[in-house]
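Chemist: Pasting the sequence and the predicted model now:
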Amino acid sequence: MTLDTLTFAELEQLVTDWHDARDLIDGSTDGSQMRKLREEVDELEQDIHEGFDLRDELGDVLVVLINIATRHGFTLRQALEVSYNKIKDRKGRMQYGIFVKEEDL
């Protein structure tokens with residue numbers, strides 16, 4: 001098995017197993033994971049500003065998000081499905097490089 005042949009779900013399960021082996025699911029808290037997520041997002045922001053390869057820091061953000069999702073009994077795919085269903089028909093426009101939904105204009 002090589003990582004590049006795994007589906008996202010299989011890789012997500014490997015990360016979940018890694019969390020379990022280190023007691024980061026039952027032995028952690030939402031607050032602790034949010035602090036870790038902020039740390040990883042800050043590192044991602046720094047890499048963006050410095051023009052570095054973003055894969056490592058984006059991956060670190062995903063690892064923490066997988067922890068939070070797993071601790072709450074769902075997968076990132078399930079979370080993404082919920083979000084996509086919410087935004088798929090959303091209308092709005094770009095303002096300063098950010099999409100602003102119609103009801104917020």
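Modeler: Arrived safely, thanks for sending. Numbering: from 1, shown residues only.
Chemist: Am I right that Leu11 is in contact with Thr5?
Modeler: No. Applying CB atoms under 8 Å as the test, Leu11 and Thr5 come out as separate, 10.1 Å apart. C-betas here are computed from N, CA, C, even on glycine.
Chemist: More neighbours: those two, which one.
Modeler: More crowded of Leu11 and Thr5, by other CB atoms under 10 Å: Leu11, with 15 against 7.
Chemist: That one: helix or strand, and which one exactly?
Modeler: Following DSSP states H and E, the helix or strand that holds Leu11 is helix 8-21.
Chemist: ok, now Val82?
Modeler: Val82 belongs to helix 76-87, assigned by DSSP H and E.
Chemist: One more: Asp56?
Modeler: Going by DSSP H and E, Asp56 is part of helix 55-71.
Chemist: Residues in contact with that helix: which ones?
Modeler: Here helix 55-71 makes contact (CB atoms under 8 Å, 6 or more residues apart in numbering) with 12, 15-16, 19, 24-25, 28, 30, 33-34, 36-37, 40-41, 43-44, 47, 75-76, 78-79.
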